[in-house]
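>>> what would the 3D arrangement of this be:
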Amino acid sequence: MSVSVKDLTKEFGTQKAVDNISFEANKGEVLGFLGPNGAGKTTTMKIITCFLPQSSGQVSVCGHDVEEEPIAVRKRIGYLPEHNPLYKEMYVKEYLNFVARLHKVSKPKSRIDEMIQLTGLEREQHKLIGTLSKGYRQRVGLAQAMIHNPDVLILDEPTSGLDPNQLAEIRSLIKEIGKEKTVIFSTHIMQEVQALCDRVVIINKGKLVANDPISVLKQRIFGRQITIALFDQNVSTEKLLNIKEVEDAEMIEENRWQLYSTTDIRKTLFQFAVQEKINLLELYPQTSTVEDVFQKLTRN
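Below is the predicted model:
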């Protein structure tokens, strides 16, 4: 794995900001790292990126321990913090050249041009960073995080302040990067998680409360699947409950039913309708969202 976090704890005085959490992030996946404000997400990211020491536990990046080999870790990580720290008095291209030299990037000119094109900064490359909109500053932050071609990219609220067009572009970029690198991605926008992430880690009050692929997470939290079926005539509850694998049935509107099961029962329901000579006007699964899961796990 690219990032390994084992029994990580961070204490500030008597407060445990991070409380004995463990998870891994692998190459070729986008890991959604979620939690309410104050849950410990940013603290964990700062420990992984060597900005904060842990109180206990072990963190390694590409096989390098963050305590014992912080320089080796930093070489392999690209980091975009929540509050994007930029030198506003520098020009975009000047700033990226400065960052490239810090990382000792070979052929910095071609790499800077590549990052400018990749993040859509062509028209802004000769402007002062201080004159850019928040969305374009985020793009500059992304460009500096990726300029040294890191193995691991850690993004804390990377789409903050972007307009809808910029959102689509940056999401597409993150998805593409995630095919070859390890991306740990923190956001409060649940639609982004559903669209971008392969797996989700959720922490609440410093504790790990979930670490699963999105589909598995939904099934584990909500247990049963819900299928909506609309018939063209009245069907009795008794008949529906006699269908194999249907555990419960609830009429939510006239002839529209909410059916509970542990498996996908659409094929079975279609066969039932044919047998009973009833027309099925609608048949679809009612899927829970990442937002549903998040709220269920983090509400007091």
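
>>> in the stretch 151-300 of the chain, what residue spans correspond to strands?
Assigned by DSSP state E, counting those that start in this stretch, the stretch 151-300 of the chain shows strands spanning 152-156, 182-186, 199-204, 207-213, 225-231, 248-253, 256-261, 280-286.

>>> adding distance to residue 68, mean pLDDT and mean neighbour count, write these out as CSV.
The way it works is simple: take the backbone N, C-alpha and C, and place the C-beta from them, glycine included. Converted to CSV, the strands of the stretch 151-300 of the chain look like this (distance: least, CB to CB, whole Å; pLDDT from 0 to 100; neighbours: other CB atoms under 10 Å):
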stretch, distance to residue 68, mean pLDDT, mean neighbour count
strand 152-156, 17, 94, 23
strand 182-186, 20, 93, 26
strand 199-204, 24, 93, 23
strand 207-213, 24, 91, 17
strand 225-231, 47, 90, 19
strand 248-253, 55, 90, 13
strand 256-261, 51, 90, 18
strand 280-286, 49, 89, 13
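
>>> let's have those strands in CSV, adding distance to residue 297.
Output for these, formatted as CSV (distance: least, CB to CB, whole Å):
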stretch, distance to residue 297
strand 152-156, 20
strand 182-186, 16
strand 199-204, 5
strand 207-213, 5
strand 225-231, 19
strand 248-253, 24
strand 256-261, 21
strand 280-286, 20
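
>>> between those strands, which gets nearest to residue 144?
strand 152-156 (11.5 Å; CB to CB).

>>> so which of the strands of the stretch 151-300 of the chain is nearest residue 78?
With distances scored as CB to CB, the stretch of the strands of the stretch 151-300 of the chain nearest to residue 78 is strand 152-156 (4.6 Å).

>>> what sits up against the closest one?
2-3, 25, 41-42, 45, 48-49, 61-62, 76-82, 142, 145-146, 174, 177, 181-186 (CB atoms under 8 Å, 6 or more residues apart in numbering).

>>> residue 150: neighbouring residues, count only.
When neighbours are counted by other CB atoms under 10 Å, residue 150 registers 20.

>>> oh sorry, the question was meant for residue 190
Around residue 190 there are 17 residues (other CB under 10 Å).

>>> swap in residue 264?
A count of neighbours around residue 264, defined by other CB under 10 Å, yields 12.

>>> returning to that earlier point: out of the contacts of strand 152-156, which are buried?
With burial judged by 16 or more other CB atoms under 10 Å, the buried subset of the contacts of strand 152-156 is 2-3, 25, 41-42, 45, 48-49, 61-62, 76-81, 142, 145-146, 174, 177, 181-186.

>>> so of the residues you listed, which ones are in strands?
In this view, these that belong to strands under DSSP state E are 3, 25, 61, 77-80, 182-186.

>>> residues in contact with residue 22?
Contacts for residue 22 were tallied using CB under 8 Å, 6+ apart; they are 5-8, 57, 208.

>>> so what touches stretch 25-32?
Here stretch 25-32 has contacts from 1-3, 23, 151-152, 174-175, 178-187, 193, 196-201, 214, 290, using CB under 8 Å, 6+ apart.
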